[in-house]
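>>> Just to be clear, the model below is a prediction. Sequence and coordinates:
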Amino acid sequence: MKKAILLILFSSTILYGQEITLNPIRDYGPFNSTGHIHAIIYFIPFDVLTRHPYGIEDVKRAYIFKIEIRETNVISTFFEKIENTTYTTTFFNPPNRPNLRCVVEFFYNDTLIFAYSSEDGQNVILNNEIIDNRKDFLDFIRQYLPEKYF
């Protein structure tokens, strides 16, 4: 009698912890009057239904709120908070792409230097990794969006 072997492959989420240290000031600063720094927040409220999960370019194209921040001192203060701070991250490979609702980009002399996103107002995603201690990132967004969204 022959035995049949059934092999089932499952797509799974890969999780591991990693530590990263962000150094936007060391890498691109100091930010002074000789350079131009600004940030842009693209946001789609979490209660807005979409036909498919939105990626970064989708959010930038279909935003409800677009906030441009040209206050160098506000951006520098944010960078000072995250400078040399070690963040624990979790890599994720979801079966479907995340449904992003917020994209934050920072530019220095019109060159993109740093960006992060969020899909639910709780998690912060940086380079396909979820940042575990994310308070500083979410606080930066909260100060510019209507209170009911955060």
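In hand now; what should we look at? Residues are numbered from 1 along each chain as shown.
>>> Backbone dihedrals for the closest residue in space to residue 36 that isn't next to it in sequence, both of them.
Of all residues not flanking residue 36 in the chain, residue 109 sits nearest, at 5.6 Å (CB to CB, 6 or more residues apart in numbering). Bear in mind the C-beta positions are built from the backbone N, C-alpha and C, glycine included. Main-chain torsions, residue 109, degrees, to the nearest 10: phi 50, psi 50.
>>> Look up how far residue 116 lies from residue 109.
Note on residue 109: its distance to residue 116, by CB to CB, to the nearest Å, is 20 Å.
>>> So for those two, which residue has more residues nearby?
For residue 109 versus residue 116, the count of surrounding residues by other CB atoms under 10 Å is larger for residue 116: 20 against 11.
>>> what bridges to that one?
Legend: beta-bridge partners of residue 116 under DSSP bridges are residue 104.
>>> OK, contacts around it?
Applying CB atoms under 8 Å, 6 or more residues apart in numbering to residue 116 gives the contacts 103, 104, 124, 125, 126, 131, 137.
>>> how does it look with 6 Å?
104, 124, 126, 137 (CB atoms under 6 Å, 6 or more residues apart in numbering).
>>> I figured the first one hits residue 43, correct?
No: shown here, residue 104 and residue 43 do not form a contact pair, counting by CB atoms under 6 Å, at 9.0 Å.
>>> For the residue lying closest to residue 63 once chain neighbours are set aside, the count of nearby residues, please.
The shortest distance from residue 63 to any non-neighbouring residue, by CB to CB, 6+ apart, is to residue 42 (4.2 Å). Neighbourhood size, residue 42 [other CB under 10 Å]: 22.
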